[in-house]
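1. have a look at this fold, sequence not included:
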Ligand code: NDP
C-alpha cells in the first residue's frame with residue numbers, strides 16, 4: 001500500500017513556491033498577497049484560517065486576516081468583499097465558510113472578483129473549469145489533482161466513484177477527473193445520499209473519492225482489491241486516550257481497508273494540507289496574472 005502523504009508532498013510544493021517567491025523578490029516583483037475573511041468564532045474555521053496564514057508566511061507571501069463578529073450584516077460583509085476586490089495590494093482572498101445563518105454564502109461568493117477568487121468558488125471559475133478553460137480551480141479538488149499527478153496515479157480509463165456532490169468538493173472533482181487531460185480522462189460516477197446501489201458502485205471503482213462527512217463510512221467489504229482511496233472527509237470522533245478528548249478521522253475506515261488498497265490518503269495529513277497548498281498556488285497565479 002502506498003500512503004498518499006499530503007503533508008510531505010505539500011512541504012515539497014511549498015518549497016518550490018518559496019523558491020519562486022524568492023526569485024520574484026530578488027527581481028523586485030510583486031510579492032503575492034493572500035487575504036482571508038473570517039466571520040464569527042467557529043474553532044474549526046479559525047484553525048483553517050490560521051493554517052492558511054501560516055502557510056502563506058512560510059512561502060514568503062504577504063497575508064492578511066480580517067476577522068469580524070458573527071453579528072456582522074450581509075451588507076457589511078459585502079462592503080468588505082468590495083474593498084478587497086478594489087485593493088490593488090491584495091492578489092487573492094477567501095471568505096472562510098461556513099458563514100452565520102443570516103448571511104447567504106452565494107451572495108458573498110458572487111460578489112468576489114473572479115480574478116481574485118483563489119478558492120475557485122465563483123460560478124465564473126466553476127464554469128470555466130467545467131469547460132476546460134483557464135480558471136482558478138477549487139482548492140480541495142486542485143489539491144487532489146496535484147496529489148494524483150505527483151504520485152503518478154493513473155486516472156485515464158479508470159472507473160471513479162465520487163461520493164458526495166457539494167459545490168466545493170464532490171461536484172468539481174467529478175468534473176475534473178472526467179475532463180480531457182492528465183489527471184482526467186476517467187469514467188466518473190457521482191454518488192450521494194439518494195444513491196441506491198452504493199455498495200455495487202463502490203465495489204466496481206478503481207478510484208474512490210469520499211467527501212461526505214461521515215466518520216469511517218466506507219469499509220473493507222465495499223471496495224475492490226487494489227483500489228485507490230482519496231479520503232476528503234474530516235470528522236471528529238470521541239477518543240478518551242487523547243488529551244483533547246477527540247481525534248480526526250476520514251470518511252473511510254483506514255485501518256479496515258489499508259491492506260486491500262493500492263494507494264490511500266491518511267486523515268489527517270492527506271487531502272487537508274494539499275488544499276492549503278493549492279490555495280497558495282492559486283494565489284501565486286493571481287499575483288502573476290495581475
Ligand atoms: P457537504 O455536507 O456539503 O456534502 C456532503 C455530500 O455527501 C452531499 O452531497 C450528500 O448528499 C452526501 N452524503 C451525505 N451522507 C451520505 C451518505 N450516507 N451516502 C451517500 N452520500 C452522502 O460536504 P462537503 O463536500 O463540504 O465536505 C465533505 C467532507 O469533506 C466533510 O467531512 C468536510 O469536513 C470535508 N472537507 C475536507 C476538506 C479538506 O481540505 N480535506 C475541504 C472541504 C471539506 P446529498 O447531496 O444527497 O445531501
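-> Thanks, I have it. The structure displayed is predicted, hence computed values, not measured ones. Numbers count the residues shown, from 1 in each chain.

2. could you list the buried residues of stretch 181-193?
-> Buried positions in stretch 181-193, judged by neighbour count with 16 or more other CB atoms under 10 Å: 183, 184, 186, 188, 189, 190, 191. The C-beta positions use only the backbone N, C-alpha and C, and glycine is treated the same way.

3. separation between the closest residue in space to the last one that isn't next to it in sequence and residue 172?
-> Counting by CB to CB, 6 or more residues apart in numbering, the nearest residue to residue 191 once its immediate chain neighbours are dropped is residue 163, at 5.0 Å. Going from residue 163 to residue 172 by CB to CB, to the nearest Å gives 14 Å.

4. break the protein down into its structural domains.
-> As given by automatic domain parsing, the domain ranges for the chain are 28-113, 139-271.

5. now, of those domains, which is deepest in the fold?
-> Per-stretch averages of neighbours, counted by mean count of other CB atoms under 10 Å, single out domain 139-271 among the domains of the chain, with a mean of 19.

6. please, which helix or strand holds the nearest residue to residue 277 once chain neighbours are set aside?
-> Closest residue to residue 277 in three dimensions, ignoring its sequence neighbours and counting by CB to CB, 6+ apart: residue 10, at 4.1 Å. Following DSSP states H and E, one finds residue 10 within helix 6-26.

7. how about the residues of this structure by the ligand?
-> 140, 163-166, 168-170, 191-195, 211-214, 232-235, 271-272, 275 (CB under 6 Å from any ligand atom).

8. middle-most residue in this protein, spatially?
-> residue 140 (1.6 Å; CA atoms, centre = their mean).

9. who touches it in this structure?
-> Going by CB atoms under 8 Å, 6 or more residues apart in numbering, residue 140 touches 168, 169, 173, 211, 232, 271, 274, 275, 278.

10. quick check: phi and psi on it?
-> When quoted as degrees, to the nearest 10, the phi and psi of residue 140 stand at phi -70, psi -50.

11. does the residue lying closest to residue 51 once chain neighbours are set aside count as helix, strand or coil?
-> Closest residue to residue 51 apart from its sequence neighbours, by CB to CB, 6+ apart: residue 276 at 6.0 Å. Counting by DSSP: H, G, I helix; E, B strand; the rest coil, the backbone at residue 276 sits in helix.

12. what ranges does the stretch 151-290 of the chain have for its helices?
-> With DSSP state H, counting those that start in this stretch, the ranges of helices along the stretch 151-290 of the chain come out as 170-178, 198-203, 254-257, 271-289.

13. now the terminal residues of stretch 94-113, how far apart.
-> 11 Å (CA to CA, to the nearest Å).

14. what sits up against that stretch?
-> 34-40, 42, 45, 48-49, 52, 70-74, 77-78, 81-82, 84-85, 93, 117-119, 121-123, 168, 279.

15. ok now that stretch, how far from the chain's centre?
-> Centroid displacement of stretch 94-113 relative to its chain, using CA atoms, centre = their mean, to the nearest Å, is 17 Å.

16. identify the residue spatially nearest to residue 141, adjacent ones excluded.
-> Leaving aside its sequence neighbours, residue 141 sits nearest to residue 173 (CB to CB, 6+ apart; 4.0 Å).

17. now do the same contact list for the one you found.
-> Applying CB under 8 Å, 6+ apart, the residues near residue 173 are 140, 141, 144, 162, 209, 211.

18. next one: residue 142
-> 120, 278, 281, 282.

19. report the residue spans of the stretch 51-200 of the chain with pLDDT below the cut-off.
-> Filtered on pLDDT under 70, the stretch 51-200 of the chain yields no residues whatsoever.

20. as a check, name the ranges of all strands in it.
-> Under the criterion DSSP state E, counting those that start in this stretch, the stretch 51-200 of the chain contains strands at 62-68, 92-95, 159-163, 187-191.

21. got the ones you listed as a markdown table, with distance to residue 128 columns?
-> What follows is those, written out as a markdown table (distance: least, CB to CB, whole Å):
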| stretch | distance to residue 128 |
| --- | --- |
| strand 62-68 | 26 |
| strand 92-95 | 16 |
| strand 159-163 | 20 |
| strand 187-191 | 19 |
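
22. to residue 250, which of these lies closest?
-> Closest to residue 250 of the strands of the stretch 51-200 of the chain is strand 159-163 (CB to CB; 11.4 Å).

23. state the distance from the closest residue to residue 178 other than its chain neighbours to the ligand.
-> Nearest residue to residue 178, sequence neighbours excluded (CB to CB, 6+ apart): residue 188, at 4.3 Å. Look at residue 188 and the ligand: by CB to the nearest ligand atom, to the nearest Å, they are 15 Å apart.
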